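Participant: model the structure of this input:
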Amino acid sequence: MGPQLLPGAMGADSRALLDLSFRPLTRRSYMSRWRAFASYCRDRHLRALPADAATIVGYVAFEHSGGALAPKSLAKHL
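Facilitator: Next up is the predicted model:
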């Protein structure tokens with residue numbers, strides 16, 4: 001089994017390849033959702049990466065209670 005990389009330890013070439021795999025609008029949308037999740041975790045003293053199931057379920061419930069989550073947008077949040 002190969003070495004495990006820590007989050008954020010991806011090489012520049014790999015990041016560049018991933019950046020090219022999404023359209024700019026999609027990247028902005030994903031980053032917006034990531035910032036919202038990271039803020040949710042920070043405000044509650046939760047670990048964002050790796051997030052446990054309870055953190056993810058709590059975030060989805062939080063977004064749903066605020067009216068920001070529609071069934072079709074669930075995949076983006078996850």
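Participant: can you give me the helices for this structure?
Facilitator: 12-20, 24-43, 53-65, 74-77 (DSSP state H).
Participant: could these go into JSON lines alongside mean pLDDT and mean neighbour count?
Facilitator: (C-beta placed from N, C-alpha, C; glycine too.) Below are the helices of the chain laid out as JSON lines (pLDDT from 0 to 100; neighbours: other Cβ atoms under 10 Å):
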{"stretch": "helix 12-20", "mean pLDDT": "73", "mean neighbour count": "10"}
{"stretch": "helix 24-43", "mean pLDDT": "87", "mean neighbour count": "12"}
{"stretch": "helix 53-65", "mean pLDDT": "92", "mean neighbour count": "14"}
{"stretch": "helix 74-77", "mean pLDDT": "72", "mean neighbour count": "12"}
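Participant: find the centremost residue of this protein, please.
Facilitator: residue 34 (3.9 Å; Cα atoms, centre = their mean).
Participant: so how far is residue 39 from residue 64?
Facilitator: 17 Å (Cβ to Cβ, to the nearest Å).
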